[in-house]
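1. The amino acid sequence is not available; the structure is as follows:
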DNA sequence: TGGGATTGTAAGCGACTGCTTACAAGATCG
DNA sequence: CGATCTTGTAAGCAGTCGCTTACAATCCCA
């Protein structure tokens, strides 16, 4: 009788399974509350492989962030960004649609995680958003809008506070885009995008 | 030669020192990253006393939250709340002016900590803020504003992201109150308070 | 077919966590 | 003074953490 039905030999699939499991768990529990044992267990892999492939928990987190954010930020135009970002954020509570921002929110408290967000990710979102305004402090205004989206994601998805947590996403989007357009002002920022 | 210059015998002072140290550390590092040993060390007390007086790390956190929030929320009118809350939030990076919200932000990722914030604290802030609007979804609007303040506090004080982190508080306050007044609309919400 | 590299596994090391215990030192009061 | 309660201390327990090691199974290619 075999005592462990040995995993199929496929390093690429194992790596991907680890990344996927890590992405889910970081989103659900945050960086420090997620253990490498949990990640390996959900991926159905041995935890030693996690260290062989990613070196450390920290580098695994970096890999997850990179993987998840690349495409999202690439496929959205500046005009769509705030609205779509918000929608993604609001929907991410549902089944398994997870957004990297939620992982960011959950991992905020860890200094090593915050370091990455501060430098790499945040800057790109800010730059994209700041295209919407032609004020000279456009980046500050973009940061304020980003901060709002983060805050909403936290209160709604992470904290689960009422009534924000139960509110209709469409209503939220309407309120936020309307108020945000005051900040990101420019001639003719239509309110349907 | 005495090997430990025994602490003065004063339970009230010890309790207070523990509360103060815990408040600082929870603010600086968050709930899970703060250890009871750290708290006891900064308070100059033995860690066993922490458990004698507060029972558990969780109850200590609750005691800190209660102690710190009571007066702040009590001494502010609804009209002053958003502006003053924001100012407190923006100034809290400085010397030792710490705001309970920052502690909240840092401790977000812990489920036990989040539970308390969700129920007790958040509700009171929401209720106060919602007085500013006479819309029927005033509480939702208030939550959105609160979420914004949280988000700004996170990006600025916790994440330290530029340019928000270096921006002039007065500018931030002006932008936010102006955009927020779109949400908390009511006849004659003057923009200087 | 055989030998070295790659992928999987089990076990455990050392450090750290929240929390407890056993006890010494000072206070209080008869 | 001596008994008792309170306050402070040192040490350690049991569990978990990230990470490492030693080794078995499988693949690749000569």
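-> In hand now; what should we look at? In this text, all values refer to a predicted model and were calculated from it rather than measured experimentally. Numbering: from 1, shown residues only, chains lettered A, B, ... in the order given.
2. so which strand or helix has residue A:153?
-> Per DSSP states H and E, residue A:153 falls inside helix A:138-153.
3. per-residue confidence for residue A:58?
-> Residue A:58 is assigned a predicted lDDT (pLDDT) of 86.
4. actually residue A:95, not the one I typed
-> Model confidence at residue A:95, expressed as pLDDT, equals 36.
5. what's the answer for residue A:129, then?
-> You'll see residue A:129 listed with a pLDDT of 81.
6. quick revisit: state the next helix or strand along the chain beyond the helix holding residue A:153.
-> Counting by DSSP H and E, what follows helix A:138-153 is helix A:169-183.
7. what sits up against that next one?
-> A:82-83, A:86-87, A:90-91, A:133, A:141, A:144-145, A:148-149, A:152, A:164, A:189, A:191, B:137, B:140-141, B:144, B:175, B:178-180, B:182-183 (Cβ atoms under 8 Å, 6 or more residues apart in numbering or on different chains). C-beta coordinates here come from the backbone N, C-alpha and C atoms, glycine included.
8. And it, what's buried?
-> Counting neighbours by 16 or more other Cβ atoms under 10 Å in any protein chain shown, one finds that the buried residues in helix A:169-183 are A:172, A:173, A:175, A:176, A:177, A:179, A:180, A:181, A:182, A:183.
9. wait, which of these is closest to DNA strand D?
-> residue A:172 (33.9 Å; Cβ to the nearest atom of the strand).
10. ok so, going back, from the contacts of helix A:169-183, list just the buried residues.
-> Applying the neighbour count, that is 16+ other Cβ under 10 Å, the buried entries in the contacts of helix A:169-183 are A:82-83, A:86-87, A:90, A:133, A:141, A:144-145, A:148-149, A:152, A:164, B:137, B:140-141, B:144, B:175, B:179-180, B:182-183.
11. and the closest residue to chain B within chain A, how many neighbours does it have?
-> Here chain A gets closest to chain B at one residue, residue A:151, 2.6 Å apart by Cβ to the nearest Cβ. Around residue A:151 there are 26 other residues, counting by other Cβ atoms under 10 Å in any protein chain shown.
12. Please apply the same query to residue A:129.
-> The criterion is other Cβ under 10 Å. On that basis, residue A:129 has 24 neighbouring residues.
13. Please verify my assumption that it contacts residue A:142.
-> Yes - under the criterion of Cβ atoms under 8 Å, residue A:129 is in contact with residue A:142, at a separation of 3.7 Å.
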